[in-house]
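Asks: The sequence and its predicted three-dimensional model are supplied below.
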Amino acid sequence: MKRTATALHRERLTKIVATLGPASSNPEMIRALFQAGADVFRLNFSHGKQEEHAQRLEMIRAVEQEMGRPICVMADLQGPKLRVGTFQEGSVALKPGQKLRLDLDRTPGDAARVCLPHPEIFEAIETGTELLIDDGRVRLRVLSHGEGYAETEVVVGNRISDRKGVNVPNAVLGISPLTEKDRSDLNFALDIGVDWIALSFVQRPEDVAEAKRLIAGRAALLSKMEKPAAIQHLEEIVELSDGVMVARGDLGVEMPPEDVPSIQKRIVREARMAGKPVIVATQMLESMISAPTPTRAEASDVATAVYDGTDAVMLSAETAAGQYPVEAVAMMDRIAKRVERDPLYKSIVDASHPDLESTTADAITAAARQVAQTIKAACIATYTTSGSTTLRAARERPDVPIIGLTSRIETARRLCMSFGVHAVQTSDIHSFPEMVQKAQRLAADDGLAVAGQRIVITAGVPFGTPGNTNVLRIAWVEG
């Protein structure tokens with residue numbers, strides 16, 4: 001990649017993910033979002049055609065070349081959508097206590113029965129299982145059930161219309177997270193060269209393994225934690241995934257709202273302990289869809305995710321369809337910067353460092369953070385091929401940026417999602433002295449250090465062996 005004088009580095013360590021959509025699908029807007037602070041662009045395959053996503057990716061890559069900075073692109077797969085059928089009048093009003101039959105008959109329904117065209121749900125439910133319709137606006141309890149039907153009682157009533165969504169919080173459904181549409185979108189996203197695939201509807205570790213087999217190393221895999229069943233397998237899912245997302249939208253529908261904050265903290269902590277990037281998403285600055293400033297509660301919500309030590313925070317409709325997409329990114333940037341300057345932030349992050357594995361790589365990486373803090377270094381520089389060395393550095397949550405030097409543009413782009421990483425694609429490095437010189441020069445060129453400041457450098461010698469970090473060096477940046 002051609003590096004230019006416009007190369008940007010962020011004055012914060014937490015990353016920002018911006019979703020593209022109708023409000024943000026031209027080159028000028030994508031450039032403005034990047035300059036305002038977006039590090040990762042999300043292509044939401046729940047909306048839009050494949051060709052539209054390909055056009056957006058081309059625009060992102062053009063901005064990447066113009067700015068001389070790697071930009072990460074994530075394709076978010078839709079996943080299975082469970083919905084009721086249609087009604088004779090288009091909608092019905094349901095009252096608490098009334099009975100409603102669910103079945104596989106596709107005849108338009110009424111207040112007594114409606115089609116639920118998902119046999120997997122009838123196979124998974126039990127007497128007493130609760131079903132949520134239209135994001136929980138209607139709540140049903142199963143009284144009895146059999147092959148292809150269920151008799152239910154309305155617990156929470158409301159008016160529902162055709163094809164509203166259905167959630168089954170306390171059941172594991174025999175459904176793959178990859179529908180036919182998802183498989184087509186996955187192949188398309190891999191062919192056009194996205195960096196991350198976000199997998200929806202994850203319920204168990206086997207779902208992650210299935211997606212990993214299909215991706216076959218062509219992109220990194222991000223598991224969206226949005227189902228209660230996934231939380232029960234959190235450690236295994238994090239271990240199998242390359243990263244995770246706290247998808248609070250569906251999680252908040254299927255679990256009590258009061259449980260979501262503690263689960264968010266648990267997921268962030270588990271991902272950090274494993275050294276995997278984690279994103280906190282959904283409704284972060286939602287009022288900015290139609291207002292130029294957020295509510296104070298939303299600002300506090302973003303700040304809480306940053307205090308928790310998340311790698312990234314995400315904007316959805318705020319940038320995809322909102323009236324103030326650039327302002328939303330700029331606001332998130334300002335909140336993250338303000339939190340990271342708070343002395344309390346450092347004490348919170350430092351209070352919980354991951355347990356180290358008994359490896360040279362972990363010992364060197366932990367020492368690099370400590371040395372950088374002790375000598376007040378300007379940054380930490382790592383050289384990596386696969387990204388593992390830089391990810392271990394990010395796991396330590398140093399209070400200075402991490403320059404992730406790599407010869408692979410794919411690795412540089414993927415690392416843009418990780419905490420504190422200033423990813424740089426550079427030519428192959430053949431010796432440690434050469435790496436020291438390159439790290440010194442790039443730290444100065446990109447504004448991460450000035451002459452007279454020190455930087456901490458880690459690498460694995462011989463080069464090209466993933467996870468083989470075994471050297472630490474302190475170097476002065478020369479004028």
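Replies: Cool, the structure landed. Predicted, not measured: the structure shown is a model, and the values here were computed from it.
Asks: Now do the strands for the stretch 51-200 of the chain: every range, in order, please.
Replies: Taking DSSP state E, counting those that start in this stretch as the test, the strands found in the stretch 51-200 of the chain are 72-76, 91-93, 99-103, 113-115, 130-133, 138-146, 149-156, 159-161, 166-167, 196-199.
Asks: Could you give the number of residues near residue 123?
Replies: Number of residues near residue 123 (other CB atoms under 10 Å) recorded here: 13. For the C-beta atoms, the positions are set from N, CA and C on the backbone; glycine is no exception.
Asks: pretty sure it contacts residue 175?
Replies: No. Between residue 123 and residue 175 there is no contact under CB atoms under 8 Å: 10.1 Å.
Asks: residues in contact with the residue nearest to residue 107 when sequence neighbours are not counted?
Replies: For residue 107, ignoring the flanking residues on the chain, the nearest one in space by CB to CB, 6 or more residues apart in numbering is residue 115 at 7.0 Å. Under the criterion of CB atoms under 8 Å, 6 or more residues apart in numbering, the neighbours of residue 115 are 84, 85, 86, 102, 103, 104, 105, 106, 107, 108, 109.
Asks: Tell me how far residue 115 lies from residue 151.
Replies: Per CB to CB, to the nearest Å, residue 115 is found 15 Å from residue 151.
Asks: What are the structural domain limits within the protein?
Replies: 15-79+176-345, 91-167, 360-476 (automatic domain parsing).
Asks: Any idea how far the shortest one is from the middle of the chain?
Replies: If I follow you right, that is domain 91-167. Distance of domain 91-167 from its chain centroid, counting by CA atoms, centre = their mean, to the nearest Å, is 32 Å.
Asks: dump the residue contacts of the residue nearest to residue 195 when sequence neighbours are not counted.
Replies: In this structure, residue 195 finds its nearest non-sequential neighbour in residue 413, 4.4 Å apart by CB to CB, 6+ apart. If you count contacts by CB under 8 Å, 6+ apart, residue 413 has them with 70, 71, 72, 73, 195, 423.
Asks: ok, back up a step: select only the buried ones of the contacts of residue 115 in ChimeraX?
Replies: Listed next is the ChimeraX selection for buried residues among the contacts of residue 115, using 16 or more other CB atoms under 10 Å:
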select :84,85,86,102,103,105,109
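Asks: quick one: which of the contacts of residue 115 sit in helices?
Replies: Among the contacts of residue 115, no residue falls in helices (DSSP state H).
Asks: Now flag whichever of the contacts of residue 115 is closest to residue 41.
Replies: Using CB to CB, residue 84 comes nearest to residue 41 of the contacts of residue 115, at 33.8 Å.
Asks: residue contacts, that closest one?
Replies: Counting by CB under 8 Å, 6+ apart, residue 84 makes contact with 102, 109, 114, 115, 116, 133, 160, 162, 163, 164, 166.
Asks: Mind doing that once more with 10 Å?
Replies: Applying CB atoms under 10 Å, 6 or more residues apart in numbering, one finds that residue 84 lies in contact with 100, 102, 109, 114-118, 131, 133-134, 138, 160-166.
Asks: Next, count neighbours for the closest residue to residue 299 other than its chain neighbours.
Replies: Leaving aside its chain neighbours, residue 299 sits nearest to residue 335 (5.6 Å; criterion: CB to CB, 6+ apart). Neighbours of residue 335 under the rule other CB under 10 Å: 24.
Asks: what's near enough to touch residue 335?
Replies: So residue 335 contacts 12, 14, 284-285, 294, 298-303, 305-306, 313 (CB under 10 Å, 6+ apart).
Asks: How about residue 399?
Replies: Residue 399 neighbours (CB under 10 Å, 6+ apart): 13, 340, 345, 346, 349, 350, 369, 372, 373, 376, 420.
Asks: Go ahead and confirm the last one touches residue 312.
Replies: No. Residue 420 is not in contact with residue 312 according to CB atoms under 10 Å; the separation is 11.0 Å.
Asks: who touches both of the two?
Replies: In terms of CB under 10 Å, 6+ apart, residue 420 and residue 312 are both contacted by the residues 14, 15.
Asks: that older thread, ok, so of the contacts of residue 413, who is nearest residue 461?
Replies: residue 423 (21.2 Å).
Asks: Can you give me the pLDDT of residue 236?
Replies: Note on residue 236: pLDDT of 98.
Asks: Over to residue 280. Which of the three states is it?
Replies: When classified by DSSP: H, G, I helix; E, B strand; the rest coil, residue 280 comes out as strand.
Asks: ok, it - how many residues close by?
Replies: By the criterion of other CB under 10 Å, residue 280 has 26 neighbours.
Asks: what's the answer for residue 272, then?
Replies: Applying other CB under 10 Å, we find 25 other residues in the vicinity of residue 272.
Asks: so it touches residue 392, yeah?
Replies: No. Using CB under 10 Å, residue 272 is not in contact with residue 392, being 11.7 Å away.
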